[in-house]
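**Q** I need the structure of the sequence given here:
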Amino acid sequence: MKVEIFNTDIKNEQQANYLLSLLRKSISDALIDFDFKESNTLLKVEVNRDVSEIVHSLFITQGVKCQKL
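**A** As a prediction, this is how the structure comes out:
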């Protein structure tokens, strides 16, 4: 599986859980998790295909910044 990491501006766990549920519906074949660091929140997606456009579109729609690392 390929791992894609995204830097996000998610502020809290409630927002992360909501986005996680949306992501799991859109990318059902992926393992998805958030990692809360001191200054930012990282999104880790493990999947066999490129999903960066799906992730980016979903985050933009929800008003959350997201950048692939």
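
**Q** going forward, measure contacts and count neighbours with C-alpha atoms only.
**A** OK.

**Q** so who does the most centrally placed residue in the chain touch?
**A** The residue lying closest to the centre of the chain (C-alpha atoms, centre = their mean) is Leu43, at 4.3 Å. The contact partners of Leu43, taken as C-alpha atoms under 8 Å, 6 or more residues apart in numbering, are Ile5, Phe6, Asn7, Thr8, Ile32, Asp33, Phe34, Asp35.

**Q** change it to 7 Å
**A** Neighbouring residues of Leu43 by C-alpha atoms under 7 Å, 6 or more residues apart in numbering: Ile5, Phe6, Asn7, Asp33, Phe34, Asp35.

**Q** which of the residues you listed tops the neighbour count?
**A** When neighbours are taken as other C-alpha atoms under 10 Å, the top entry among the contacts of Leu43 is Phe34 (20 neighbours).

**Q** still on that earlier bit, need the contacts of Leu43 in a markdown table (columns: distance to Glu13, secondary structure and pLDDT).
**A** Converted to a markdown table, these look like this (distance: C-alpha to C-alpha, whole Å; DSSP: H, G, I helix; E, B strand; the rest coil; pLDDT from 0 to 100):
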| residue | distance to Glu13 | secondary structure | pLDDT |
| --- | --- | --- | --- |
| Ile5 | 18 | strand | 95 |
| Phe6 | 16 | strand | 95 |
| Asn7 | 15 | strand | 94 |
| Asp33 | 12 | strand | 93 |
| Phe34 | 9 | strand | 92 |
| Asp35 | 10 | strand | 90 |
